[in-house]
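K.L.:
Whatever this is, show me its structure:
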Amino acid sequence: LIVMERDALLAFAGAVPAEVVAPAPEDDAQLRVVVQRIEERALESAVVLRGRTGAARQVEVRSETSGLVMSPPLARGSTVEAGEVLCELAPGARAANMAEAQARLAEAEINYTAATRLSEGGFAAQTRVAAADAARRAALAGVEAAQAELDRLTIRAPFDGRLEADTAELGTLMSPGALCATVIRLDPIILVGYAAESQIDRLENGALAGARLSNGEEVMGRVSFLARSADPATRTFRVEVTVPNPDQTIREGMSADIMIAATATRGHLVPGSALTLDDEGRLGLRLVDGDSRTFFAPVTVLRDSPQGFWVSGLPDPADVIIVGQEYATDGIVVQVHRHNNGE
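P.N.:
Numbers count the residues shown, from 1 in each chain. Below you'll find the predicted structure:
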C-alpha cells in the first residue's frame, strides 16, 4: 500500500516534489489538428452502361390476303428500297371481281344520268334520282374495294433496309397474316442500355455518348431516348443512343460498353481518411470556422477517385480537419496547423 500510494504519502509527510505539488501549466492545452482548405470544383462525370446494339427499324412484312406466291424469292441479306416488291400473289378470281364491279358502276352511272334528266323535265320524282345516286355510289365503292383487294396482292418494302431472311418461296400459299419477309434498317443503329434510378436523372437527350463494341470497335453517337417509365422487374430505365452506320458494318445484337456524358456537378474532393461519423451515425467531416472552433458537416458521397471522395454538402471553401478529427467534438477551440500543397 505504501508503494502504491507513494505520492499521497509523501504529500502527507510534506516531502512532495515541486512538480507534483504545483505542476507547471503547459504552454498549449488545446487539441492540435491539421486542417486543409478545400474549394468546390466542377466534377465532370460519366454514366457507364452495359448494353447491346439494335436495329433502328425492324418489321415483319405480312400478307393481308390469301393467294399463291408468283414471284421468285429474294435472298437474305439483300438490300431493298422503300416500295420495292417483296412478294407478289396470283390474282385468282379478283380480276373477274374487278370487271364485275366496273360493269355495275357503268350501269349505275347510266341509270343516274337518266333519272337526273327525267327529273329536270318533270317526268321523274326526286326519290328516283336519290335511289339512282345511291346505287351509283355503292357501285363506286365496290370498284374501290375490288381495287384494294388487287393492291394487296403486291407486298412491298415499307422502308430502305436489308432482308433478314429469304422472302416467301415461289408457289407458297399465303394466308392473311402469313410472313412474307423481315426487313431491318441498320443505318443509323441504336445502342440500348438500362440506367439505374440514381443514374437516369443525370442523363439528357442529345448528350454525347461513346461505346466499345464486343469486336473492339469504338463508336460515337448521341442519346436519342430516355424512358420515363421503369422496367417493373429490374427498376431500370431504357436508354437509347443513336450511332451513324452508313456502311452497315455494325451488326444487330452486339454487346457494347456505353459511356454517356452526364450533367456536370460540383463538389469537394476530400481524403477518404477525413470522413467520420457523428453521434447520430451520419457520414460527414469535421471542419473549423473562422474562430478555430470545430463543427460537423454531413455530406453526400458523389463518387470515389484515386485521390479520395467527391462529396457535396460542404461550404465553399471548407476548412476540413484531416488529422485529429476523431478526437474533436463540436464547439471546441483547436490549434490549427495548415496543410498546404499536399505537404
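
K.L.:
When you work out contacts or count neighbours from here on, use the C-alpha atoms and nothing else.
P.N.:
OK.

K.L.:
what's the following helix or strand after the helix or strand of the chain with the lowest mean pLDDT?
P.N.:
Every helix and strand in the chain was compared by mean pLDDT, DSSP states H and E; the lowest is helix 18-21, with a mean of 37. Using DSSP states H and E, the helix or strand that follows helix 18-21 towards the C-terminus is strand 31-38.

K.L.:
Mind jotting down where the helices sit in the stretch 1-150 of the chain?
P.N.:
6-13, 18-21, 94-120, 126-151 (DSSP state H, counting those that start in this stretch).

K.L.:
Ok, which of those comes nearest residue 197?
P.N.:
helix 126-151 (49.3 Å; CA to CA).

K.L.:
What mean pLDDT does that closest one get?
P.N.:
Helix 126-151 shows a mean pLDDT of 91.

K.L.:
so how far is stretch 215-232 from its chain's centroid?
P.N.:
Averaged C-alpha coordinates place stretch 215-232 at 5 Å from its chain's average position (CA atoms, centre = their mean, to the nearest Å).

K.L.:
now swap in stretch 132-150 and tell me
P.N.:
On CA atoms, centre = their mean, the centre of stretch 132-150 falls 50 Å from the chain's centre.

K.L.:
Using CSV, list the CA coordinates for that stretch.
P.N.:
What follows is stretch 132-150, C-alpha atoms only, in CSV (Å, rounded to 0.1, in the frame of the first residue of the first chain):
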residue,chain,number,x,y,z
ALA,A,132,-80.1,6.1,-108.6
ASP,A,133,-77.4,8.2,-106.9
ALA,A,134,-77.2,5.7,-104.0
ALA,A,135,-76.8,2.8,-106.4
ARG,A,136,-74.1,4.7,-108.3
ARG,A,137,-72.2,5.4,-105.0
ALA,A,138,-72.5,1.8,-104.0
ALA,A,139,-71.1,0.6,-107.3
LEU,A,140,-68.2,3.1,-107.0
ALA,A,141,-67.4,1.7,-103.5
GLY,A,142,-67.5,-1.8,-105.0
VAL,A,143,-64.9,-0.8,-107.6
GLU,A,144,-62.7,0.7,-104.9
ALA,A,145,-62.9,-2.4,-102.7
ALA,A,146,-62.0,-4.6,-105.7
GLN,A,147,-59.0,-2.4,-106.4
ALA,A,148,-57.9,-2.5,-102.8
GLU,A,149,-58.0,-6.3,-102.9
LEU,A,150,-55.9,-6.3,-106.1
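
K.L.:
List of residues touching that stretch?
P.N.:
65, 91, 94-95, 97-98, 101-102, 104-105, 108-109, 111-112, 115 (CA atoms under 8 Å, 6 or more residues apart in numbering).

K.L.:
at 6 Å what do you get?
P.N.:
Outside stretch 132-150, the residues that touch it by CA atoms under 6 Å, 6 or more residues apart in numbering are 98, 101, 102, 104, 105, 108, 109, 112.

K.L.:
coming back round to it: what's the closest of the helices of the stretch 1-150 of the chain to residue 57?
P.N.:
helix 126-151 (24.4 Å).

K.L.:
Tell me the first helix or strand C-terminal of that closest one.
P.N.:
strand 154-156.

K.L.:
Tell me which other helices or strands that following strand touches.
P.N.:
strand 85-88 (3 or more CA pairs under 6 Å, 6 or more residues apart in numbering; DSSP states H and E).

K.L.:
quick one: contacts of the strand it packs on?
P.N.:
By CA under 6 Å, 6+ apart, strand 85-88 touches 69, 70, 71, 153, 154, 155, 156.

K.L.:
quick one: contacts for the fourth one?
P.N.:
Okay, so that is residue 153. Contacts of residue 153 by CA under 6 Å, 6+ apart are 88, 89.

K.L.:
how about a cut-off of 7 Å?
P.N.:
Counting by CA atoms under 7 Å, 6 or more residues apart in numbering, residue 153 makes contact with 88, 89, 90, 91.

K.L.:
Could you do the first one as well?
P.N.:
For residue 69, the contact set (CA under 7 Å, 6+ apart) comprises 87, 88, 89, 90, 170, 171, 172, 173, 174.

K.L.:
same check, this time on the third one
P.N.:
Contacts of residue 71 were listed using CA under 7 Å, 6+ apart, and they are 87, 88, 170.

K.L.:
switch the cut-off to 10 Å
P.N.:
85-90, 154, 167-172 (CA atoms under 10 Å, 6 or more residues apart in numbering).

K.L.:
Retrieve the pLDDT associated with it.
P.N.:
92.

K.L.:
Is the closest residue to it other than its chain neighbours bridged to anything, and to what?
P.N.:
Residue nearest to residue 71 in three dimensions, not counting chain neighbours: residue 88, with 5.4 Å by CA to CA, 6 or more residues apart in numbering. Applying DSSP bridges to residue 88 gives these bridge partners: residue 154.

K.L.:
Can you report how many residues neighbour residue 88?
P.N.:
23 (other CA atoms under 10 Å).

K.L.:
any idea how far it lies from residue 166?
P.N.:
Distance of residue 88 to residue 166, given as CA to CA, to the nearest Å: 14 Å.
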